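# Mind looking at a prediction? Sequence and model below.
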Amino acid sequence: MQLIACPHCGPREETEFHYGGQAHVAYPAGNATLSDEEWGQFVFFRDNPKGPFAERWVHSAGCRRWFNAVRDTATHQILAVYRQGEPKPVVA
């Protein structure tokens, strides 16, 4: 069992959380004029790197708040957690 440190409640078991996708994805500007292909790119295409990756998580069985985490996709280790609106921490 992995512990995830919720920035609002502290460390909890991973079963209390749900993954929410890539963090820091900006809503497209001029969205009323986007083509179907451009909308498809925004909705369905995300980065998939090997290594540290910023993700969104929700503490669904706890405070029910969203936060961001940097997770190593190769090892699944959580490298950092931070509240939404805070800058992404630098992870070596």
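Great, that's in hand.

# name the helices or strands packed onto the lowest-mean-pLDDT helix or strand in the chain?
Counting by mean pLDDT, DSSP states H and E, the chain has its least confident helix or strand at helix 36-44, which shows a mean of 93. Where contact means 3 or more CB pairs under 8 Å, 6 or more residues apart in numbering; DSSP states H and E, helix 36-44 is not packed against any helix or strand. The C-beta positions use only the backbone N, C-alpha and C, and glycine is treated the same way.

# Name the nearest residue to A61, sequence neighbours excluded.
In space, and not counting its chain neighbours, A61 is closest to E16: 3.8 Å by CB to CB, 6 or more residues apart in numbering.

# Could I get the contacting residues of that neighbour?
Neighbour list for E16: I4, H59, S60, A61, G62 [criterion: CB atoms under 8 Å, 6 or more residues apart in numbering].

# Any regions of this protein where pLDDT drops low?
92 (pLDDT under 70).
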